[in-house]
Structures are given as C-alpha cells and as structure tokens.
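1. give me the fold of what follows.
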Amino acid sequence: MSGGPVLVVGYGSTLRGDDAVGWRAAELLGADPRLPGVEVLARQQLTPELAEDLSRAALVVLVDAREQPGAAGAVSVGRVAPARGRAPWSHRLDPAALLALCAELYGPPPPVFLVSVGAASFGAGEPLSPPVRRALPEVADAVAGIIKEQLGGPGGSRSEAVAPRRTGGPGGSRSEAVAPRRTGGPGGSRSEAVAPRSQEHRRA
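-> Have a look, this model is predicted:
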C-alpha cells in the first residue's frame, strides 16, 4: 500500500432528501478525532476529476445513499471492484467506473470501499429522514473501522502511518467545499458486503 493520504468522499445531492447523507457524513467525519490525517471531501457526485485524487491515496472510502425503502438507515460496507472494459467518460460516474478510470489513467488504484446507507426518500427539498439521520454515527464508525483495519492504529494489526492531510478549500476546478474536521464517538458497524451500484436511477 502506498504512503499517500487516506481519502474519504461523501457524495450526493443536498437537495434530495436522504441523498444528502454522504455530505452529512463528511461533515461528521471531518471533525472525528479517530481519523487524524485523513482527507475528507464532500461532493455532489463522483466526477472524472476525482480519479487523480484516488491515484494519490493509500486508501479510499466512499459514502453514499442507496435506494432501499424497506431498510432505511441500514449501513452496509463493501469493497469496490473496477468496472470491466474501458472506463466510460461521463460527467458523473458510479464507484466502479471511477475506479476503472483511475486505473486506466494512473495505474493500479488503491483499495476503495463503499459505505452505503439505505434511504427512505429522495424527494426534492426534503431533509434527511429520521432513520437515516440516526444512522450517521454508525456510518462514522464504519469508516473509522475500515481505516483501522486497512492501515492499522490503536489495537490494529498493521503499523503504517496515515499520511498528513492535504489542506485546501473551495476553488480551482471544483466548486464543492471540503468538509470541516471531525466529530464522533466509538461504536460498532456492520460488515456485510454490498455490490457497487449506479447512481443514475436517482440522479438523472
């Protein structure tokens, strides 16, 4: 594993109900004391420009909502595999396509994990639903658990240090804000695997 930074990207539309969970999770993780040195970004969607960020990272964790009305607030964790074939060029990508684009442009990508949260509604102008809002601490726990397991830490099995956080703010070619630093507390998380899924069904 490379010596680059750990990158966490929470993404989704802040104007469409539970789709905002990635942004809200990024705000929480941005101040979490368990994640020193981790770079946390909030984005409206996954774009080709993120392939370069992935290429410089030692580990990447994505946070997003998934359409699952019967299990709103359920948190799942899975490792993302690159999409097969030539990476598609689009203004927005799903996790597998982004990983494939990173591999095509920059070589072997880092490990990428997706933490997804079951959503109740993607209605325009709605706030987070209560079960999704209550799931935010579990999301933070899941992200912290992935990083500890992959890179080591207090009680972990590996000793590689997390690289210092890259600083910056709004500007340049991206208009989305970098999330603030982190808050949160300890807790458990579920580890059932989920397959990467397309964003198109709800962000068209």
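
2. would you map the helices across the protein?
-> 21-29, 50-55, 95-106, 130-151, 200-203 (DSSP state H).

3. ok, of those helices, where does mean pLDDT dip lowest?
-> Lowest mean pLDDT within the helices of the chain: helix 200-203, at a mean of 40.

4. show me what contacts the closest residue to residue 147 other than its chain neighbours?
-> Residue nearest to residue 147 in three dimensions, not counting chain neighbours: residue 6, with 5.7 Å by Cβ to Cβ, 6 or more residues apart in numbering. In short, each C-beta sits where N, CA and C put it, glycine included. Counting by Cβ atoms under 8 Å, 6 or more residues apart in numbering, residue 6 touches 35, 37-39, 57-61, 147, 151, 162-163.

5. which of these lies closest to residue 140?
-> residue 35 (8.7 Å; Cβ to Cβ).

6. any idea how far residue 8 is from that closest one?
-> Per Cβ to Cβ, to the nearest Å, residue 35 is found 8 Å from residue 8.

7. neighbour count: those two, which is higher?
-> Comparing residue 35 with residue 8 by neighbour count (other Cβ atoms under 10 Å), the higher total belongs to residue 8, at 31 against 25.

8. what residues are up against the more buried one?
-> 26, 29, 35, 38-41, 60-63, 143.

9. at 10 Å instead, please
-> Residue 8 is in contact with 22, 25-26, 29-30, 32, 35, 38-42, 57, 59-63, 113, 115, 143-144, 146-147, 179, 182, counting by Cβ atoms under 10 Å, 6 or more residues apart in numbering.

10. kindly report the same for residue 134.
-> Taking Cβ under 10 Å, 6+ apart as the test, what residue 134 contacts is 72-73, 128.

11. in CSV: those, plus neighbour count.
-> Shown next, in CSV, are the contacts of residue 134 (neighbours: other Cβ atoms under 10 Å):
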residue, neighbour count
72, 20
73, 22
128, 23
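
12. okay, buried residues for stretch 12-27 please.
-> Neighbour-count burial for stretch 12-27 flags 12-13, 16-27 (criterion: 16 or more other Cβ atoms under 10 Å).

13. between those residues, which is closest to residue 80?
-> Nearest to residue 80 out of the buried residues of stretch 12-27 is residue 22 (Cβ to Cβ; 14.6 Å).

14. need the overlap of contacts for residue 35 and residue 8.
-> Common neighbours of residue 35 and residue 8, using Cβ under 10 Å, 6+ apart, are 29, 61, 143-144, 147, 182.

15. quick check, nearest of those residues to residue 124?
-> residue 29 (25.8 Å).

16. the closest one reaches residue 36, doesn't it?
-> No: between residue 29 and residue 36 there is no contact under Cβ atoms under 10 Å: 11.9 Å.

17. show me where the protein has strands.
-> 6-11, 39-43, 59-67, 75-79, 112-119 (DSSP state E).

18. could I get those as TSV with mean pLDDT?
-> Supplementary listing: the strands of the chain in TSV, determined by pLDDT from 0 to 100:
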stretch	mean pLDDT
strand 6-11	98
strand 39-43	97
strand 59-67	96
strand 75-79	97
strand 112-119	97
